[in-house]
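Novice: Structure here, sequence nowhere to be found:
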Ligand code: FPP
């Protein structure tokens with residue numbers, strides 16, 4: 001049973017709403033397999049510890065006053081993994097949603113999913129629907145879980161819907177702009193990430209939030225995902241705070 005989230009606001013150097021705290025942190029959770037291999041354990045053990053790191057990180061994000069946390073749990077490319085590993089990952093997600101949802105709800109976490117749902121099994125889809133419906137009015141932290149998510153598919157789908165509207169004369173092609181495209185993405189009601197963290201030393205985005213990442217600070221950590229905790233999150237936030245964000249402009 002996860003420890004109940006502290007209801008208190010953050011203390012210490014990272015203050016909620018302060019300029020140094022990113023509003024939206026997105027994480028590419030990488031390195032579960034290497035964590036297990038280093039210990040001569042089966043990969044599932046790395047994923048299990050990865051799920052523990054998810055629990056810790058959601059709690060830490062809420063404690064630190066982060067508004068949005070997006071976790072890349074399963075990419076549209078992850079289906080290429082052996083079937084038993086895919087089953088293990090889906091099993092861990094089921095366990096997380098069954099065991100944690102009431103705790104998340106009582107802690108004020110709103111849970112949202114992005115990704116293509118049709119390929120997911122019906123019981124996983126039901127758990128997702130339940131989690132979203134139950135937590136829809138919560139406002140402390142929005143936890144976005146990217147599941148069977150791929151940025152290219154998301155952008156293609158947005159383009160198709162906009163094109164259909166243009167063909168039906170409901171949209172003037174000249175009016176298509178950044179705001180309109182953003183509105184047709186799965187993240188329409190989520191602000192763009194301020195920081196994207198990738199663990200395990202890999203330095204790529206792997207089809208994750210490509211449109212939304214335009215001005216995100218990218219932070220690559222050597223830490224393997226199962227070792228991720230509040231202290232590592234705070235060190236990433238400190239790195240973020242040390243960067244100068246110019247959004248294409250320049251300092252006066
Ligand atoms: C990358 O490690 C991690 C994943 C593909 C899946 C992430 C899943 C979890 C953290 C567990 C379940 C999630 C939730 C939301 C409860 P990898 O296997 O690619 O590691 P490697 O590159 O070292 O082999």
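Specialist: Cool, got the structure. The structure displayed is predicted, hence computed values, not measured ones.
Novice: For the residue of the stretch 51-200 of the chain found nearest the ligand, identify the helix or strand it belongs to.
Specialist: Closest approach between the stretch 51-200 of the chain and the ligand, counting by Cβ to the nearest ligand atom: residue 96, at 3.6 Å. All C-beta spots, glycine's among them, are computed from the backbone N, C-alpha and C. Per DSSP states H and E, residue 96 falls inside helix 83-106.
Novice: Please name the residues that touch residue 147.
Specialist: The neighbours of residue 147, taking Cβ atoms under 8 Å, 6 or more residues apart in numbering as the test, are 73-74, 93, 113-115, 117, 120, 128.
Novice: ok, residues contacting the helix or strand hosting residue 37?
Specialist: According to DSSP H and E, residue 37 maps onto helix 32-38. Helix 32-38 is touched from outside by 42-47, 49-50, 200, 224-227, with contacts defined as Cβ under 8 Å, 6+ apart.
Novice: buried ones in stretch 141-148?
Specialist: Judged by neighbour count (16 or more other Cβ atoms under 10 Å), stretch 141-148 contains these buried residues: 141-148.
Novice: Those residues of the stretch 1-150 of the chain touching the ligand, which are they?
Specialist: Within the stretch 1-150 of the chain, the positions adjacent to the ligand are 29-34, 47, 50-51, 54, 71, 73, 78, 89, 92-93, 96, 145 by Cβ under 6 Å from any ligand atom.
Novice: pLDDT score assigned to the closest residue to the residue of the stretch 51-200 of the chain closest to the ligand other than its chain neighbours?
Specialist: Nearest residue to residue 96 in three dimensions, chain neighbours excluded: residue 51, at 5.9 Å (Cβ to Cβ, 6 or more residues apart in numbering). Residue 51 carries a pLDDT value of 98.
Novice: So which residue is smack in the middle of the protein?
Specialist: residue 70 (1.8 Å; Cα atoms, centre = their mean).
Novice: and the most far-flung residue of the chain relative to its centre, helix, strand or coil?
Specialist: Most distant residue from the mean C-alpha position of the chain: residue 169, 35.4 Å away (Cα atoms, centre = their mean). With DSSP: H, G, I helix; E, B strand; the rest coil as the basis, residue 169 sits in coil.
Novice: how about the helix or strand hosting residue 59: buried residues?
Specialist: Per DSSP H and E: residue 59 is located in helix 43-63. For helix 43-63, burial by neighbour count (16+ other Cβ under 10 Å) applies to 43-51, 53-63.
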